[in-house]
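Predicted model, plus sequence, below.
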Amino acid sequence: MLMQFPPMGVYETLFRFADATNKYMGDPGTHPWAQGYPLTTRIPGGPPLPAEVKLQSTDLKYPKATGEIELRQAIADYYNSHYQAGITAENVCVFAGGRPGILATLAFLMPDICIAIEETEYTPYYDMLEILRRKVHLIPSNAGNRFRPSDGDYDVDPVGDCERVFLVKSNPCNPTGVATTGDALKTLVGKYCQSGRGALFDEAYEFYCDPEPESVLRHVDDIDATDIFVVGAATKGLQVPGMRVGWVIAAERHIEIFRNYSSFGMGGVSRPSQLYVTQLFEPQRVAQARTAVSGFFTSQRKRYREGLESHGFELFTGNGGFYHWGRLPGGISADEFNERLFEHEAGILPGVLCDMLRRKGDDGPLRDFARFSFGPLGPDSYESDMEIIGKCL
């Protein structure tokens, strides 16, 4: 009765790991290098994470369809303070994480719109576009251009009988860590603010930019006059993936659509989770978190770069995110490398799962590429991590 489809790429790896080890990647003693979550403990220089959220009987009622006003206002205030975004709470809709907001946006696009997306991107985008049967124009992002498309690569014409183009882009990119910032980001935003153009910028890794966080909202003059969608979440920068709170910022007319969708398809997001996340947006706290997250994970990126390169990895990583992206040494495939890693209760994300064409086998361009996550790793795990990698190579 139901249409069949495989699990999203990260979960495909997690399920394989569980079959091989009888453990869940992330359990004590495992090495979760395939996992896309950060430390959920206080990081050096960062603020403490709240230990509780106080609830009243009214907090146990149904939440509001677009999100509680306290959180929506806190999100708007954050972007206005740090990026001069000029938005209000009416430009914000809260979702149960970033992915539901991305899927809702893509699901409700008009049928005459095609998707422009980089060749190497965040693995769930592939699943969403396949299930929604969207026509796609691939933007070159491969070893030939070091996974860094040029400005001209984003000049995309509609595909087939489509008349409009909608860009989907993670920034910083997951898996490559390449971040589009400054004038390059301003130019890109300008392209997709034009008539017949729109874009979704997935900013899950906003805090993880070096030297400082960046958002497209710095370059959008009036979001109500655009078809720009900005997705954020408490998962990465605020370090609380288990709260399952994300948001989409867009024109008020689009937020109304999300409200209507929530009324029948989502029913709102847990109010206790929203109240917890609202605490994380206290102005001084979030400013401290931005600085600490960027600084700590930049140091981790540099440290693991040295270690991986010493083992022969050819890295293409940018200056964002908490991943390293590169080619494995000696021609070993990522799948073969994982089979070896599983014996040590470790695992990476094979690069083919970030290929928006899912080209597999010996001829696949990403067969020997891997995404290595240092997000969940504390400073004390480095030596054992390098020891395992050395053994498996």
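Done, it's in. Numbers count the residues shown, from 1 in each chain.

Now tell me which helix or strand of this structure has the poorest mean pLDDT.
Least confident helix or strand, the chain: helix 9-21 with a mean of 92, by mean pLDDT, DSSP states H and E.

Pull that helix out as PDB, backbone CA atoms only.
Extracted in PDB, the C-alpha atoms of helix 9-21 (Å, rounded to 0.1, in the frame of the first residue of the first chain):
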ATOM      1  CA  GLY A   9      22.000   8.500   3.700                       C
ATOM      2  CA  VAL A  10      23.100   9.100   7.200                       C
ATOM      3  CA  TYR A  11      20.600   6.700   8.600                       C
ATOM      4  CA  GLU A  12      21.600   4.100   6.000                       C
ATOM      5  CA  THR A  13      25.100   4.300   7.500                       C
ATOM      6  CA  LEU A  14      23.700   4.200  11.100                       C
ATOM      7  CA  PHE A  15      21.600   1.100  10.300                       C
ATOM      8  CA  ARG A  16      24.600  -0.700   8.700                       C
ATOM      9  CA  PHE A  17      26.700   0.200  11.800                       C
ATOM     10  CA  ALA A  18      24.000  -1.200  14.100                       C
ATOM     11  CA  ASP A  19      23.800  -4.400  12.100                       C
ATOM     12  CA  ALA A  20      27.600  -4.800  12.300                       C
ATOM     13  CA  THR A  21      28.100  -3.900  15.900                       C
END
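
Report the buried residues of that helix.
Neighbour counts using 16 or more other CB atoms under 10 Å place 9-10, 12-14, 16-17, 21 of helix 9-21 among the buried residues. Any C-beta I mention is one placed from the backbone N, CA and C, and that applies to glycine too.

Out of these, give me the two with the largest separation.
G9 and T21 (18.7 Å; CB to CB).

and the spatially most central residue of the chain, backbone torsions?
Nearest residue to the geometric centre of the chain (CA atoms, centre = their mean): A204, 4.2 Å. Backbone torsions of A204, given as degrees, to the nearest 10, read phi -60, psi -30.

For it, give its distance to Q4.
Using CB to CB, to the nearest Å, A204 is found at 28 Å from Q4.

next one: R72
Taking CB to CB as the measure, R72 falls 37 Å from Q4.

ditto for R301
For R301, the distance to Q4 - CB to CB - is 38 Å.

So for the two, which sits in the more crowded spot?
Taking other CB atoms under 10 Å, R301 and Q4 do not tie; R301 has more neighbours (21 against 4).

For the helix or strand in which the more buried one is found, list every residue counted as buried.
Using DSSP states H and E, R301 maps to helix 283-310. Buried residues in helix 283-310, counted by 16+ other CB under 10 Å: 285-286, 289-290, 292-298, 300-301, 304-305, 307-308.

R218 contacts Y83, correct?
Yes: if you go by CB atoms under 8 Å, R218 and Y83 touch, sitting 4.2 Å apart.

Now do the domain split for this structure, please.
9-44+296-392, 60-285 (automatic domain parsing).

how about the ones you listed, which one is nearest A51?
Smallest distance to A51 across those (CB to CB): 10.3 Å, for domain 60-285.

any idea of the mean pLDDT in that closest one?
Across domain 60-285, pLDDT averages out at 97.

For stretch 130-146, buried residues please.
Neighbour-count burial for stretch 130-146 flags 134, 136-139, 141-142 (criterion: 16+ other CB under 10 Å).

mind putting these in CSV, secondary structure and distance to L103 included?
Listed next are those as CSV, based on DSSP: H, G, I helix; E, B strand; the rest coil; distance: CB to CB, whole Å:
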residue, secondary structure, distance to L103
R134, coil, 12
V136, strand, 16
H137, strand, 20
L138, strand, 20
I139, strand, 21
S141, coil, 22
N142, coil, 26
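
Looking at the residues you listed, which two lie furthest apart in space?
Largest pairwise distance in the buried residues of stretch 130-146, by CB to CB, is 21.4 Å, between R134 and N142.

Including distance to V165, could the buried residues of stretch 130-146 go into TSV?
As requested, the buried residues of stretch 130-146 are exported to TSV (distance: CB to CB, whole Å):
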residue	distance to V165
R134	12
V136	11
H137	7
L138	13
I139	11
S141	17
N142	21
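
can you map out the strands along the stretch 51-200 of the chain?
92-95, 113-118, 136-139, 164-170, 197-202 (DSSP state E, counting those that start in this stretch).

elements contacting the third one?
Okay, so that is strand 136-139. Strand 136-139 makes packing contacts with strand 113-118 when contacts are defined by 3 or more CB pairs under 8 Å, 6 or more residues apart in numbering; DSSP states H and E.

From the contact counts, what lies against the strand it packs on?
So strand 113-118, by 3+ CB pairs under 8 Å, 6+ apart, packs with helix 123-132, strand 136-139, strand 164-170.

Show residues contacting the shortest one.
Residues outside strand 136-139 that contact it (CB atoms under 8 Å, 6 or more residues apart in numbering) are 114-119, 129, 149, 153-154, 156-157, 159, 165, 356-357.

Out of these, which end up buried?
Here, 16+ other CB under 10 Å leaves 114-119, 129, 149, 153-154, 156, 159, 165, 356 buried among the contacts of strand 136-139.

Just send those residues back as TSV, with distance to C392 too.
Putting the buried ones among the contacts of strand 136-139 into TSV (distance: CB to CB, whole Å) gives the following:
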residue	distance to C392
C114	41
I115	37
A116	37
I117	32
E118	29
E119	28
L129	33
P149	32
D153	35
Y154	38
V156	40
V159	41
V165	43
M356	28
